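# have a look at this prediction, sequence included:
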Amino acid sequence: MTYVALTDQPLDVAAALRRAETPEAGAVAAFIGTIRAHTAGRAVTRLHYEAYETMALHQLRRLAAQARERWPMLARVVVIHRTGTLEIGEAAVVVAVASPHRAEAFAACQFLIDTLKEVVPIWKHEHYADGTTWVAAHP
């Protein structure tokens with residue numbers, strides 16, 4: 001099972017992890033990206049994410065398929081990214097994979113988040129205490 005989504009609603013991390021669980025897998029590895037209070041020495045007040053939704057979903061599905069090709073034993077792949085305005089501490093992205101063994105689960109999870117940052121068209125507007133800037137969410 002593969003599940004990819006973009007949402008403007010708060011991410012339910014526990015529900016995302018439940019989507020990844022299956023009796024066929026002995027390992028679930030996850031990455032949860034949250035909004036931190038400081039970036040490059042600047043105080044962050046909030047972030048705003050925007051996505052080219054059609055292309056972003058296409059790229060997320062493509063990434064999941066690539067992970068499944070590379071690690072055919074994956075039982076579940078879950079990737080959910082938030083859009084809209086997020087406050088400090090909120091989850092922006094959840095990546096979770098299930099596999100019979102941990103090594104493949106860790107490797108696939110890292111591949112998914114690292115590649116997502118490189119190729120999925122998502123941008124963020126960083127709001128700082130001293131101003132704002134637009135940046136690629138995943139440089």
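That came in fine, so what should we check first? Numbering: from 1, shown residues only.
# tell me who's in contact with the spatially most central residue of the chain.
Residue closest to the average C-alpha location in the chain (C-alpha atoms, centre = their mean): Val93, at 3.3 Å. Shown in contact with Val93 (C-beta atoms under 8 Å, 6 or more residues apart in numbering): Leu11, Phe31, Ile32, Gly33, Val79, Ile80, His81, Arg82, Ile113, Leu116. In short, each C-beta sits where N, CA and C put it, glycine included.
# Asp8 too?
Counting by C-beta under 8 Å, 6+ apart, Asp8 has contacts Arg82, Thr83, Gly84.
# before we move on, back to that, can you say which of the contacts of Val93 are buried?
Leu11, Phe31, Gly33, Val79, Ile80, His81, Arg82, Ile113, Leu116 (16 or more other C-beta atoms under 10 Å).
# show me the beta-bridge partners of the second one.
Legend: beta-bridge partners of Phe31 under DSSP bridges are Val95.
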